[in-house]
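Peer 1: sequence-free structure coming up:
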């Protein structure tokens, strides 16, 4: 009977995420996979700006804080100098899909051999719930008080879809963390991405659909249902590119 | 003894290459030299100018306003820089393209550089012809040192290119000498 | 020592490699493109990595990542690109990461002009980025000096764990001069093992590199950095003092402007004018003592000569002169070069009291 333990890749401390936030689960899945692959001493976690910055202090292995949106550039510098290390970024939607759009697309297009974990909760959590590039149409935020209007703010960015049309990436997939199956699949996806990286195959991208009870203004349980009815129909989970499987 | 040379013309005439060859040759002869290019923003066909300084001692400033010698490969360059030549200085002009000689207080060496290059079979060696004219008229560096520097420059190219450049250099020297006398 | 007739940008690129640089990231901008072009070929030859970034912003952050691994990392740009790198340079400072940045400066502000200018003194010495940090700023005047300063730049960057800036104008980037190239340095990561990201696989302790700190920690870092900057003033000022003993007028100039000024001083000395020069080689730390210790009973005026208008070094000069004599300035700007005749005339006019 396997026992349920804290992964050694995480320090025994509170993460700082709000109660009910699926970010913490995403972080834990990454840490679990690092443990399973015995990469605790080999992994380098590139931490971004936003709620994901809370990982900086709870991660037990080597980690480095990157400027807002620049994690893929920082990871590029690291991986080019230390090609044998397991390098990954952990970024939120404002960081990755707004201010860091150039960095993520260019790193993916160069086929940098690292993994990007992208937590998509459709809001700017840390700064107080402003509109994110992934905020759904009609969704209220502190900068779209009447709901997101595509006439003035465009449409939510689908990052997996965008990245999967590039030639270089080897594995691009989206998972929703609001169901046990989604969580189990996400862990498998993260593991696959890390294994591909360790085999030197190239750029891997994992999008995790998460929630934000605090800024969505819902109970954690309600956010899970909201994801089923709103987030998942727009951000459809699935494998968008699997170069190895195509062979 | 410090002397300054301005090579001028349009992009594609081998202005920079001629300047570098002169500077390189001077250094090979144990002198000090600087080469400073000035480009317009255009990648092709714009104006090209470079300043070469040759001196027996360390070169302090590489930015003289007036030069001792102007090498003008076309009329536009001649008109633009002729006033920057010191009184009593030397101007080597490509008389295939420059016909109107303004200043009488400088020594003008006119050599039909383009025509000579065409006669030799390749207009691209015009810049080697004008280096020849320059050293034929001024003796600033020796012919052998220029050949050594050209050999270094064309070592990866076919021997024919070197032969052509030596012919261009010699023709230029003869014409430069003749014009100076 | 190996002598070569080299272009400025290529000379400092080669000096960087010989000084241990094994990573470069940059974005094309005139007049410094020969640096990335040279290194794209040269770095792979020595086992290093070259990345053409998608922007200056990305490039400086690639350098941030590379520096975090203990690798000697370099980026280069010109004024507009250095502005874009400002964020990343500030992060290097807060995360205490060593790196070298080269600015081959051009006319400004804005897109300005692609021709040479010394228009980035204030940016270099006062505010390379937000948050109030300083970087050591080297301003060579000859290619030999540029080679020597670049070669040793990482020694300072690693000693003080922060960015070092090499500031040259487009003239020095483009000029060809003869340089002696130093030997290739042996690369040792011994100095970086105690802080860098996992270079040693399986090392017991983990390292965190962070640009964000709790308030007290940040204040402590800033206090420590403040002490470091004071130390620089005592131990790291580099300056050339030229013919100051009997000088009645003292030119202050750096980089290419100092070379043009020195030529004029030599000419004026022959005519019997007592003129000297202070040439800061480190713009930060600024050679305060050289100016403060002048004999103001003798010195009748200071002449600040820069290839920019208005003069940017003037504030630093006046803080040391303290009103003891007039401070004059002369410059050209916008990509128009200083020249021997213009500078000579400007100094002559000031000396003869016609300014």
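Peer 2: Now that the structure is in, tell me what you want to look at. Computed from a prediction, not measured in an experiment: that's the story for all the values here.

Peer 1: what's the helix or strand for residue C:122?
Peer 2: helix C:121-126 (DSSP states H and E).

Peer 1: Can you name the next helix or strand after that helix?
Peer 2: Toward the C-terminus from helix C:121-126 - assigned by DSSP H and E - lies strand C:136-138.

Peer 1: ok, and what's touching that next one?
Peer 2: C:124-125, C:149, C:153, C:156, C:160, C:164-167, C:232, C:236, C:238, C:281-285 (Cβ atoms under 8 Å, 6 or more residues apart in numbering or on different chains). Any C-beta I mention is one placed from the backbone N, CA and C, and that applies to glycine too.

Peer 1: rerun that using 6 Å as the cut-off
Peer 2: With contact meaning Cβ atoms under 6 Å, 6 or more residues apart in numbering or on different chains, strand C:136-138 is reached by C:124-125, C:149, C:156, C:164-167, C:283-284.

Peer 1: can you check stretch C:258-269 too?
Peer 2: Contacts to stretch C:258-269, defined as Cβ under 6 Å, 6+ apart, come from residues B:60-61, B:63, C:141, C:251, C:253, C:275, C:277, C:279, C:305, C:338, C:340, C:343-344, C:347.

Peer 1: For ChimeraX, write the selection for the buried entries among those.
Peer 2: To isolate the buried members of the contacts of stretch C:258-269 in ChimeraX, using 16 or more other Cβ atoms under 10 Å in any protein chain shown:
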select /B:60,61,63 /C:141,251,253,275,277,279,305,338,340,343,344,347
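
Peer 1: chain center to stretch C:300-319: distance?
Peer 2: The chain centre lies 17 Å from the centre of stretch C:300-319; the measure is Cα atoms, centre = their mean, to the nearest Å.

Peer 1: mean confidence score for that stretch?
Peer 2: Stretch C:300-319 carries an average pLDDT of 98.

Peer 1: Run through the helices of the chain in chain order.
Peer 2: I'll assume chain A. Here chain A has its helices, by DSSP state H, at A:23-36, A:55-58, A:71-81, A:93-94, A:101-110, A:150-153, A:159-164, A:180-198, A:213-216, A:220-226, A:232-234, A:243-246.

Peer 1: wrong one, chain C
Peer 2: Listed in chain order, the helices of chain C (DSSP H) span C:8-18, C:34-45, C:56-68, C:79-94, C:121-126, C:143-160, C:170-174, C:215-235, C:255-270, C:288-292, C:314-321, C:340-351.

Peer 1: Pull the contacting residues for residue A:71.
Peer 2: Neighbour list for residue A:71: A:46, A:48, A:89, A:91 [criterion: Cβ under 6 Å, 6+ apart].

Peer 1: let's go with 8 Å and repeat that
Peer 2: Per Cβ under 8 Å, 6+ apart, neighbours of residue A:71: A:46-48, A:89-91, A:95-96, A:100, A:103, A:116.

Peer 1: Just the buried positions in stretch A:206-224, please.
Peer 2: The neighbour-count check on stretch A:206-224 (16+ other Cβ under 10 Å) flags A:206-216, A:218, A:220, A:223-224 as buried.

Peer 1: And the furthest pair within those residues?
Peer 2: Greatest spacing in those, by Cβ to Cβ: A:206 and A:218 (25.1 Å).

Peer 1: For residue B:164, see how far away the residue of chain B most remote from its centre is.
Peer 2: The outermost residue of chain B relative to its centre, with distances by Cα atoms, centre = their mean, is residue B:158 at 23.7 Å. The gap separating residue B:158 from residue B:164 is 10 Å, by Cβ to Cβ, to the nearest Å.

Peer 1: what about residue A:146, how many neighbours?
Peer 2: When neighbours are defined as other Cβ atoms under 10 Å in any protein chain shown, residue A:146 has 7 of them.

Peer 1: And for residue C:8?
Peer 2: When neighbours are counted by other Cβ under 10 Å, residue C:8 registers 29.

Peer 1: How about the one 5 residues further on?
Peer 2: Neighbour count for residue C:13, taken as other Cβ under 10 Å: 29.

Peer 1: Surely it is in contact with residue C:34?
Peer 2: Yes: counting by Cβ atoms under 8 Å, residue C:13 does reach residue C:34; the two are 7.3 Å apart.

Peer 1: Residue A:56 versus the residue of the stretch 51-200 of chain C found nearest chain A, what's the distance?
Peer 2: Residue nearest to chain A within the stretch 51-200 of chain C: residue C:65 (2.7 Å; Cβ to the nearest Cβ). In this view, residue C:65 and residue A:56 are 15 Å apart by Cβ to Cβ.

Peer 1: on that earlier part again, please state the offset of the helix holding residue C:122 from the chain centre?
Peer 2: Mean C-alpha position of helix C:121-126 versus that of the full chain (Cα atoms, centre = their mean) differs by 10 Å.

Peer 1: Buried residues, that helix. List them.
Peer 2: By neighbour count on 16+ other Cβ under 10 Å, the buried set for helix C:121-126 is C:121, C:123-125.

Peer 1: For the residue nearest to residue C:259 when sequence neighbours are not counted, what are phi and psi?
Peer 2: Nearest residue to residue C:259 in three dimensions, chain neighbours excluded: residue B:61, at 4.8 Å (Cβ to Cβ, 6 or more residues apart in numbering or on different chains). Main-chain torsions, residue B:61, degrees, to the nearest 10: phi -100, psi 130.
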